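Colleague: how would this look folded up:
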Amino acid sequence: MDNPQQIIHTTETIITDIIGHYGWMFIAAFAVLLFKDVVANVLAGMTFMFGHDFDPDDIVYIGGEKKARIIRQTPTKTVFHLIDTDRKLIVPNTALYNLRIEKVLPGSCEDKANKGEEQ
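Modeller: Numbering: from 1, shown residues only. So this is what the prediction gives:
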């Protein structure tokens with residue numbers, strides 16, 4: 001039977017070979033797991049920014065109740081101006097799809113009322 005010294009040496013050789021050949025994959029997987037939230041936030045922001053479903057200066061309702069204007073869209077966050085309370089709401093883009101955001105359709109009665117308020 002093999003002695004303990006030889007088993008340890010064989011194990012070290014196997015681990016060194018695996019890390020040597022596949023070590024870059026372990027490092028890349030660790031980096032992806034570490035930065036997955038950042039990557040997901042940027043991708044969600046790009047989808048929201050370039051989708052044109054919602055654009056800056058659109059009037060929206062958050063949760064069906066809070067009337068807000070979209071002030072700014074960046075790759076990582078979206079900034080709303082809450083009209084009723086005159087406050088700013090900053091939302092990470094990954095959380096945007098969990099909000100229930102409703103947009104006032106152009107030409108609707110409410111859109112015409114909003115335009116009358118702006119003038």
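
Colleague: all contacts plus neighbour counts: C-alpha atoms, from now on.
Modeller: Will do.

Colleague: quick check: next helix or strand after the longest helix along the chain?
Modeller: For the chain, the longest helix by residue count, based on DSSP state H, is helix 4-50. Once helix 4-50 ends, the next helix or strand along the chain (criterion: DSSP states H and E) is strand 59-62.

Colleague: tell me the strands beside that next one, with direction?
Modeller: strand 66-73 (antiparallel), strand 101-103 (antiparallel) (DSSP bridges).

Colleague: and residue 19, how many neighbours does it have?
Modeller: Residues near residue 19, counting by other CA atoms under 10 Å, number 13.

Colleague: my error: substitute residue 84 in the last question.
Modeller: 9.

Colleague: what strand or helix carries it?
Modeller: Residue 84 belongs to no helix or strand, assigned by DSSP H and E.

Colleague: excluding sequence neighbours, find me the nearest residue to it.
Modeller: residue 67 (6.6 Å; CA to CA, 6 or more residues apart in numbering).

Colleague: looking at strand pairing, list the partners for the one you found.
Modeller: Using DSSP bridges, the beta-bridge partners of residue 67 come out as residue 61.

Colleague: residues contacting the spatially most central residue of the chain?
Modeller: Nearest to the geometric centre of the chain sits residue 41, at 2.2 Å (CA atoms, centre = their mean). By CA atoms under 8 Å, 6 or more residues apart in numbering, the contact set of residue 41 is 75-77, 92-94.

Colleague: and the nearest residue to it once chain neighbours are set aside, how many neighbours?
Modeller: In space, and not counting its chain neighbours, residue 41 is closest to residue 94: 5.0 Å by CA to CA, 6+ apart. A count of nearby residues for residue 94, using other CA under 10 Å, gives 20.
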